[in-house]
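Visitor: A predicted structure for the sequence below; I have some questions about it.
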Amino acid sequence: MAESKSPVCPLCNANTVVEYWSDCHGRGSDGKGSKGRDYYQCEQCQLVFVPPWQHLSAEEEKAQYDLHENSPEDDHYRQFLSRLAGPLTARLHCGAKGLDFGSGPGPTLSVMLEETGFTTDVYDVFYAADQTVLDRQYDFITATEVVEHLSQPGDELDRLWAMLKPGGWLGLMTKMVLNKEAFSQWHYKNDPTHISFFSRETFDYLFQSWDVTAEYPANDVILVRKGSQKES
Ligand SMILES: [Zn+2]
């Protein structure tokens with residue numbers, strides 16, 4: 001908290017970063033849970049992020065995830081994931097193999113994709129940390145409700161992109177920043193494990209750096225194909 005220097009953008013590494021919002025604005029003195037965080041925005045890629053010195057420790061972070069009760073038996077959760085699974089599987093060729101990155105404590109999307117006929121590996125830094133799956137190449141990679149948890153989203157997304165075969169699909173889900181007014185009242189920012197907040201502008205910046213064009217088939221759902229720059 002006592003840091004005075006501005007952090008570097010964890011997506012594009014720019015140091016043109018400005019203060020965006022602080023939880024201390026508009027907060028009453030309720031005392032409880034009022035450990036506010038600060039949010040910076042990168043002027044180059046528009047990412048909004050919490051500075052590294054306000055991140056949870058790995059232990060604190062895992063303790064939060066252990067509270068999640070998502071599972072393949074949860075129809076509501078399946079419905080939520082189907083907003084990505086539907087448009088993604090419609091674009092996959094028969095026999096496509098993929099990876100669900102950040103599969104969490106109760107892997108569900110991978111189960112749904114397997115049920116549809118697509119072999120899907122899982123990786124999760126806390127719950128399925130088999131590094132060998134990261135050495136493979138895939139026809140598709142999914143990361144649902146993951147990018148907002150990444151302290152180094154630029155490096156992580158570049159790594160996933162490099163693991164895709166030519167013509168492969170990357171499917172992401174995350175809630176997006178609209179504007180500062182909405183952000184100030186956004187429940188999504190209050191999850192202490194959420195530290196990187198993307199907007200359409202941020203994704204556009206990222207995908208431009210990859211020289212590809214994205215599709216947005218539903219709210220908060222992003223699909224992008226490796227090698228898509230020549231077709232459209
Ligand atoms: Zn940036």
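Guide: Noted; the coordinates are in hand. Numbering: from 1, shown residues only.

Visitor: where along this structure do the helices fall?
Guide: For the chain, the helices defined by DSSP state H occupy 58-65, 75-91, 109-115, 153-162, 180-184, 200-210.

Visitor: between those, which one is closest to L223.
Guide: Among these, helix 75-91 comes nearest to L223, with 6.1 Å by C-beta to C-beta. In short, each C-beta sits where N, CA and C put it, glycine included.

Visitor: so V17 sits against Y39, correct?
Guide: No: the criterion here is C-beta atoms under 8 Å, and V17 misses it with Y39 at 10.6 Å.

Visitor: returning to what we had before: point out the most buried one among the helices of the chain.
Guide: Comparing these by mean neighbour count (mean count of other C-beta atoms under 10 Å), helix 109-115 ranks first with a mean of 20.

Visitor: who touches it?
Guide: The contact list for helix 109-115 (C-beta atoms under 8 Å, 6 or more residues apart in numbering) reads 72, 78, 81-82, 84-85, 89, 98, 100, 103, 120-122, 142, 144.

Visitor: how does it look with 6 Å?
Guide: If you take C-beta atoms under 6 Å, 6 or more residues apart in numbering as the criterion, helix 109-115 is touched by 72, 81, 85, 100, 103, 120, 122, 142, 144.

Visitor: same check, this time on stretch 90-99
Guide: So stretch 90-99 is contacted by 118-121, 138-141, 169 (C-beta under 6 Å, 6+ apart).

Visitor: do stretch 136-155 as well
Guide: With contact meaning C-beta under 6 Å, 6+ apart, stretch 136-155 is reached by 10-11, 55, 84, 96-102, 109, 156, 160, 163-165, 168-174, 193-194, 196.

Visitor: gap between the longest strand seen in the chain and the chain center?
Guide: If you go by DSSP state E, the chain has its longest strand at strand 164-173. Centroid displacement of strand 164-173 relative to its chain, using C-alpha atoms, centre = their mean, to the nearest Å, is 14 Å.

Visitor: equivalent analysis for stretch 16-24, please.
Guide: With C-alpha atoms, centre = their mean as the basis, stretch 16-24 stands 20 Å off its chain's centre.

Visitor: using CSV, write down the CA coordinates of it.
Guide: Only the C-alpha atoms of stretch 16-24 are listed here, as CSV (Å, rounded to 0.1, in the frame of the first residue of the first chain):
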residue,chain,number,x,y,z
THR,A,16,2.1,4.3,-19.3
VAL,A,17,-0.2,3.3,-16.5
VAL,A,18,-2.6,5.6,-14.6
GLU,A,19,-4.7,5.3,-11.4
TYR,A,20,-8.2,4.1,-12.4
TRP,A,21,-10.2,3.5,-9.2
SER,A,22,-9.6,2.9,-5.6
ASP,A,23,-12.0,1.0,-3.3
CYS,A,24,-11.5,3.7,-0.6
